[in-house]
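**Student:** Mind looking at a prediction? Sequence and model below.
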Amino acid sequence: MSKPEKVIPWWKGRLKDRDLMTAFFAKTWNKIGNRITVMFPDRVRDLYYSAGRLAGLEAQREYFKVGKQKPPGDFKGIVEFIKKVLETLIIPFGDIRIAKLFKLWLDEEAIIEIGDNPYASGYDSDEPSCFFLKGFIEAVLEYLTDFNRIEYETLIVTEETCMSTGEKNCTFKIKMTYPARGST
């Protein structure tokens, strides 16, 4: 008599066919989106954005509480943390990288690039549509800048390109502007 085959949960990352999981996630995400669109046609953007913000707050709170790790204290560390959380929890089968990270006088900028983004694949739109991810990134940025008492004048997250519009990747530009010295 042979042993029953052990079931491997999808989150352990041991699936042989990553494409299958990406397709499954994308199809499920799109079905949920279609239902939300039917029920709340004028609120889709707001609902996804709000859900992303909530997920961002919960993810980083739990990460630091459970992991007992010190939150990153500068822009570069925060962007690297966002990349890590995105690739570990939010999009474990996407291809996430920091495409740019630089500082220029009072501005710091980063571009996070997501390939194989299941939130956007299989969805057609005239404009970038990853409202959930935008909300997630903003919430983590705001929480960690507040936690570290980093003073900034503006903090802007923009989805510049999106797979739902036919682009190869989804890209999120993060720009933080510090106040000029002597101004408050």
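**Tutor:** Okay, I see it. Numbering: from 1, shown residues only.

**Student:** Any regions of this protein where pLDDT drops low?
**Tutor:** Residue ranges of the chain with pLDDT under 70: 1-30, 33-34, 65-68, 182-184.

**Student:** Mind doing that once more with 80?
**Tutor:** 1-41, 44, 60-70, 89, 92-94, 121-123, 181-184 (pLDDT under 80).

**Student:** in it, which residue is closest to the centre?
**Tutor:** Central residue of the chain (Cα atoms, centre = their mean): residue 133, 3.9 Å from the mean position.

**Student:** What residues sit buried inside the helix or strand that one falls within?
**Tutor:** Using DSSP states H and E, residue 133 maps to helix 131-147. Using 16 or more other Cβ atoms under 10 Å as the test for burial, helix 131-147 gives 131-145. Bear in mind the C-beta positions are built from the backbone N, C-alpha and C, glycine included.

**Student:** For the longest helix seen in the chain, output the C-alpha coordinates as CSV.
**Tutor:** Criterion DSSP state H: the longest helix present in the chain is helix 44-67. Extracted C-alpha coordinates of helix 44-67, given in CSV (Å, rounded to 0.1, in the frame of the first residue of the first chain):
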residue,chain,number,x,y,z
VAL,A,44,-14.8,50.2,-8.4
ARG,A,45,-11.7,52.4,-8.3
ASP,A,46,-12.4,53.5,-4.7
LEU,A,47,-13.2,50.0,-3.4
TYR,A,48,-10.0,48.5,-4.8
TYR,A,49,-7.9,51.4,-3.7
SER,A,50,-9.3,51.3,-0.2
ALA,A,51,-8.8,47.5,0.0
GLY,A,52,-5.2,48.0,-1.1
ARG,A,53,-4.6,50.6,1.6
LEU,A,54,-6.1,48.3,4.3
ALA,A,55,-3.9,45.4,3.0
GLY,A,56,-0.8,47.6,3.2
LEU,A,57,-1.5,48.7,6.7
GLU,A,58,-2.2,45.2,7.9
ALA,A,59,0.7,43.6,6.0
GLN,A,60,3.4,45.9,7.5
ARG,A,61,1.9,45.9,11.0
GLU,A,62,1.9,42.1,11.1
TYR,A,63,5.3,41.9,9.5
PHE,A,64,6.9,44.0,12.2
LYS,A,65,4.8,42.6,15.0
VAL,A,66,5.4,38.9,14.2
GLY,A,67,8.9,39.3,12.8
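
**Student:** Thank you kindly, that will do.
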